[in-house]
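**Q** coords please:
(chains A and B)
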Amino acid sequence: METDQAPGSAIRVRGIEKSFKDLQVLRGVDFDVRTGSVFALLGSNGAGKTTLVRILSTLLKADAGTAVVNGFDVAAQPSLVRESISLTGQFAAVDEVLTGRENLVLIARLRHLQDPGAIAEALLARFTLTEAGNRKASTYSGGMRRRLDIAMSLIGNPPVIFLDEPTTGLDPQARLEVWQTVRGLAAAGTTVLPTTQDLDEAETLADRIAILHKGTIIQNGTLAELKALLPPAKLEYVEKQPSLEDVFLALVEDGGGIDTATGGRADGTVQAGKEIQ
Amino acid sequence: MTTHVLADTGVLTGRSLRHILRSPDTIITTVITPIALMLLFVYVLGGAINTGSGQSYVNYMLPGILLITIASGVAYTAYRLFLDMQGGIFERFASMPIARSSVLWAHVFTSLAANLLSVAAVVGVALPMGFRTGASVGAWLAVAGILVLFTLTLTWIAVIAGLSARTVDGASAFSYPLIFLPFISSAFVPTGSMPGPVAWFAENQPVTSIVNTVRALFAQEPVGNDIWIALAWLLGILAVSYGFAIAKYRRRIR
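**A** Purely as a prediction, here's the structure:
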């Protein structure tokens, strides 16, 4: 466990434990998240990801341990933590009866911001929802709803954003759009903590990856560090076949949405390298 | 943060009022049963009922009908609160710097607005059926005050139901006994016509004192002790249900 990041860490978790009745979900979780980084919490269903995110976003109290978000203790200073964060839960937290625009205005007003209308307008444009802005959210597709959900989370520019399985149930294009947004946020200095059970997503998106398994973090490091845990890679020549995803995206591409696919990772790794084990 | 409580409550009340405006059927289904009961009692049963009061039967039974309207209206409050708790939007609010109580109060104010709208609709139907009152502005205000207090009391009971329910049906089931209560009171027939134990119950349950008070105010008669008994019942139940609702809410959301 690294502790030397403390001064620049946006999230600091020490010994967090949580049980529901007899079921121990978290058994002492420790990690640090550097400010402005993307820290993916990787784990299978039931690993405790959502419980951890709910504790960090003040929705749930831990049984033991401490968690500090943006310098504030989640147990002792919950309202200051709430000022610092945004949560996009597993299920899109939008008001179905309101329109997309009204949803955004609602959150902007609850965050006491000036000119909620202009904020809503800008976010609708940024998430290509302008045309759908005056329709009820209940008429939105899964991808649109998720985009609206994330747009609502960005209002007020909170320094820390939790995204609980942000791409579950999305089609590949919508998934790329979410990834693009997450990278943009991190580039602008926001700390983003996505949870995912999708290995590909963690690999593509995160600066650091922590693997949560049976209630503890069993590994935590950069992708390179995690790869180094296995025996050194041997070189094999494999014919590069396009994946079904490549084919699908090439076929449905309509010009705008696919920039991400060619944009590559921030650290310059070539994506095609994935095929070589 | 406390400085924002009022503003936040206002914003959230605006949100749930919008829900009502977009589904006016909730108002229509709230008023349809009381209006049907009113038609039934005035045009079918009323002719055989001797109230001994000398006033028209529609005047006699309107106060009880208004209470039934409110009792069925608050079922929607529990329903809306339950749906909010189920959906992710409640968690979003809980993870934002919003005063915790604002979320509940928004539902309470919305309930008040929706029920007053329903009550006005029922009075609107009672007028062509012959409801007349010479009540002064002061008496009207007193009636409105008692109905507001009655709505608030039932709304906080609805909040408990909405917070405790596990299913949508469970959320509104609590309202059935409340709707039934006016039937065993002085709302439709004088309690004196009932057999002993039933009459005793009818005379000593809250609805009778409330009905008698509202009826006296509409008829420009002295309200006597009934108004104090009604207020004591309403404030007492309000305090208890408010306490339970807040405790339940605290446990539900830290």
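
**Q** quick one, longest helix in the chain?
**A** Chain wasn't specified; assuming chain A. When every helix of chain A is counted residue by residue (DSSP state H), the longest turns out to be helix A:172-187.

**Q** my bad, the chain I had in mind was chain B
**A** Secondary structure of chain B read by DSSP H shows that its longest helix is helix B:57-86.

**Q** if we can go back for a sec, how far off helix A:172-187 does the helix or strand just after the longest helix of chain A point, in degrees?
**A** The first helix or strand that comes after helix A:172-187 along the chain, using DSSP states H and E, is strand A:191-196. Strand A:191-196 and helix A:172-187 are oriented at 150 degrees to each other (axes from the mean of the first three to the mean of the last three CA atoms, to 10 degrees).

**Q** which one of the residues in the stretch 151-277 of chain A is closest to chain B?
**A** Nearest to chain B, among the residues of the stretch 151-277 of chain A, is A:Met152, at 7.2 Å (CB to the nearest CB). Using the backbone N, CA and C atoms, a C-beta is placed for each residue, glycine as well.

**Q** tell me which element that residue falls in.
**A** Here A:Met152, judged by DSSP H and E, is contained in helix A:142-154.

**Q** which elements pack onto whichever helix or strand comes after that helix?
**A** Proceeding N to C from helix A:142-154, the next assigned helix or strand is strand A:160-164, under DSSP H and E. Other elements packing on strand A:160-164 under the criterion 3 or more CB pairs under 8 Å, 6 or more residues apart in numbering or on different chains; DSSP states H and E are helix A:49-56, strand A:85-88, helix A:142-154, strand A:191-196.

**Q** what angle sits between strand A:160-164 and helix A:172-187?
**A** Interaxial angle of strand A:160-164 relative to helix A:172-187 (the same axes, to 10 degrees): 160 degrees.

**Q** if we can go back for a sec, can you give me the pLDDT of the residue of the stretch 151-277 of chain A closest to chain B?
**A** The score at A:Met152 is 93. That number is its pLDDT.

**Q** that one touches A:Ile107, doesn't it?
**A** Yes - under the criterion of CB atoms under 8 Å, A:Met152 makes contact with A:Ile107 at 4.8 Å.

**Q** where do the contact lists of these two overlap?
**A** Contact criterion CB atoms under 8 Å, 6 or more residues apart in numbering or on different chains; residues shared by A:Met152 and A:Ile107: B:Arg92.

**Q** returning to what we had before: enumerate every residue touching the residue of the stretch 151-277 of chain A closest to chain B.
**A** Neighbouring residues of A:Met152 by CB under 8 Å, 6+ apart: A:Thr88, A:Ala93, A:Val94, A:Asn103, A:Leu104, A:Ile107, B:Arg92.

**Q** quick check: the two most widely separated of these?
**A** Within those, two members stand farthest from each other by CB to CB: A:Thr88 and A:Leu104, at 13.8 Å.

**Q** which parts of the stretch 51-200 of chain B sit against chain A?
**A** Residues of the stretch 51-200 of chain B lying close to chain A by CB under 8 Å from any CB of the partner chain are B:Gly87, B:Gly88, B:Ile89, B:Glu91, B:Arg92, B:Phe93, B:Ala94, B:Ser95, B:Met96, B:Pro97, B:Ile98.

**Q** packing partners for the helix or strand harbouring A:Val105?
**A** In this structure, A:Val105 sits in helix A:100-110 according to DSSP H and E. Secondary structure elements in contact with helix A:100-110, counted by 3+ CB pairs under 8 Å, 6+ apart, are helix A:116-126, helix A:142-154, helix B:5-22.
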